[in-house]
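Student: give me a model of this one.
(one chain, ligands or ions: 1)
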Amino acid sequence: MASEENIVLKTQSLSKEYKSGPVFFQKKVRAVIDLTLDVRRGEVFGFLGPNGAGKTTTLHMLAGISRPTAGGIEIFGKPFRCGQIWPLSRIGYVPESTYLPADMTMTELLSFFARLYGLPGATVRERIASMFEMIGFVLRERATFVRSLSMGQRRLLDLALALVHDPDLIFFDEPTVYLDPLAVERFRGIIGMLKKKGKTIFLSSHTLPLIERLSDRVAVIARGRLLRVASAQDFAAEGGLEPIFLQLVKGAS
Ligand SMILES: Nc1ncnc2c1ncn2[C@@H]1O[C@H](COP(=O)(O)OP(=O)(O)OP(=O)(O)O)[C@@H](O)[C@H]1O
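Tutor: Predicted coordinates for the structure are as follows:
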């Protein structure tokens, strides 16, 4: 069992309902239902679920973008509500998709993000250099406009933008979408580097091998409900994550 001070993120009966459809025929969609979990300092917490399971909705609530319908969130030991800004300088968030301004260069964009977080000039330069090194962009590429980047390069830039302020807790939503195998390998290296620095990582994906390979613990979610949380070793000892995941998800549908 993890002690309270080792818990970085906690949710209690977190729930989200959407209203969907035209006004007179609106129906409720229960996207996340009574989600209670905790994430420990320094771990990679895999959040695995099929399409439509409620992963992105959960991340939106955890990152303070979307208001829960019910339940609570604690971050760094304090209650966190949608709209509050106090923990944001310690949180990094790689959304499922981004809309980056096409007419800014990568350096301008990184600098803009770093300054939003209030980093001083010398630190901004240092952090930008280390972000380019991390995502493997050489010097001559650093002034490339966003519009000229491939989808995979944009994804790497998303990672750099989420990490430029050196956050302690990082949410990744399908981080390897668009990445080729070499870039996925680089991403795994980035996760290793963040872990070494003691960062806490919430890794949400439906890509089973990625979650299986990188996570210390894995939570399986389907149809908005948490079905199981266990260590990677426990899943391995029971025959591997894939058969257990398939059994859990089929049982939930
Ligand atoms: N803005 C919205 N309005 C109505 N329903 C929504 C909205 N956003 C998501 N949903 C519904 O909530 C459920 C959970 O969606 P969510 O995007 O959180 O799933 P996900 O696990 O991230 O899926 P994927 O892996 O396909 O991205 C789905 O049934 C989806 O259709």
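Student: just for the stretch 1-150 of the chain, where's the confidence low?
Tutor: 1-2, 139 (pLDDT under 70).
Student: residues of it that sit close to the ligand?
Tutor: Tyr18, Ser20, Val29, Ala31, Gly49, Asn51, Gly52, Ala53, Gly54, Lys55, Thr56, Thr57 (C-beta under 6 Å from any ligand atom). C-beta: built from backbone N, CA, C; applies to glycine.
Student: most widely separated two among these?
Tutor: Farthest apart among these by C-beta to C-beta are Ser20 and Gly49. That separation is 19.1 Å.
Student: between those two, tell me which one has more neighbours.
Tutor: Gly49 (27 against 11; other C-beta atoms under 10 Å).
Student: mind checking how far the nearest residue to the more buried one once chain neighbours are set aside is from the ligand?
Tutor: Excluding its sequence neighbours, the residue lying closest to Gly49 (C-beta to C-beta, 6 or more residues apart in numbering) is Ile221, at 3.9 Å. Between Ile221 and the ligand the distance is 7 Å, computed by C-beta to the nearest ligand atom, to the nearest Å.
Student: likewise Glu242?
Tutor: Applying C-beta to the nearest ligand atom, the value for Glu242 to the ligand is 17 Å.
Student: which strand or helix spans that residue?
Tutor: helix 241-252 (DSSP states H and E).
Student: can you report how many residues lie near Ser13?
Tutor: 12.
Student: which residue sits closest to it, ignoring its sequence neighbours?
Tutor: Closest to Ser13 by C-beta to C-beta, 6+ apart is Gly71, at 4.0 Å.
Student: the one you found falls within a strand, correct?
Tutor: Yes - applying DSSP: H, G, I helix; E, B strand; the rest coil, one finds Gly71 inside a strand.
Student: got the contact list for it?
Tutor: By C-beta atoms under 8 Å, 6 or more residues apart in numbering, the contact list for Gly71 reads Thr11, Gln12, Ser13, Leu14, Ser15, Asp34, Leu35.
Student: surely the fourth one touches Leu59?
Tutor: No - contact status for Leu14 versus Leu59: not in contact, 11.4 Å apart, counting by C-beta atoms under 8 Å.
Student: got the buried residues for stretch 129-142?
Tutor: Met131, Phe132, Met134, Ile135, Phe137, Glu141, Arg142 (16 or more other C-beta atoms under 10 Å).
Student: give me the nearest residue to the first one, chain neighbours excluded.
Tutor: Nearest residue to Met131 in three dimensions, chain neighbours excluded: Ala160, at 3.9 Å (C-beta to C-beta, 6+ apart).
Student: okay, now that neighbour: neighbour count?
Tutor: Residues near Ala160, counting by other C-beta under 10 Å: 23.
Student: next one: phi and psi at it?
Tutor: Here is the backbone geometry of Ala160 (degrees, to the nearest 10): phi -60, psi -40.
Student: give the contact list for it.
Tutor: Met106, Leu110, Met131, Phe132, Met134, Ile135.
Student: nearest to the ligand, of the residues you listed?
Tutor: Distances from the ligand to the contacts of Ala160, taken as C-beta to the nearest ligand atom, are shortest for Ile135 (23.3 Å).
Student: that closest one and Asp158 touch, don't they?
Tutor: No - between Ile135 and Asp158 there is no contact under C-beta under 8 Å: 9.6 Å.
Student: show me where the stretch 51-200 of the chain has its helices.
Tutor: 55-62, 106-116, 121-135, 151-163, 181-196 (DSSP state H, counting those that start in this stretch).
Student: okay if I get the ones you listed as CSV plus distance to Glu4?
Tutor: Putting the helices of the stretch 51-200 of the chain into CSV (distance: least, C-beta to C-beta, whole Å) gives the following:
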stretch, distance to Glu4
helix 55-62, 19
helix 106-116, 32
helix 121-135, 32
helix 151-163, 27
helix 181-196, 22
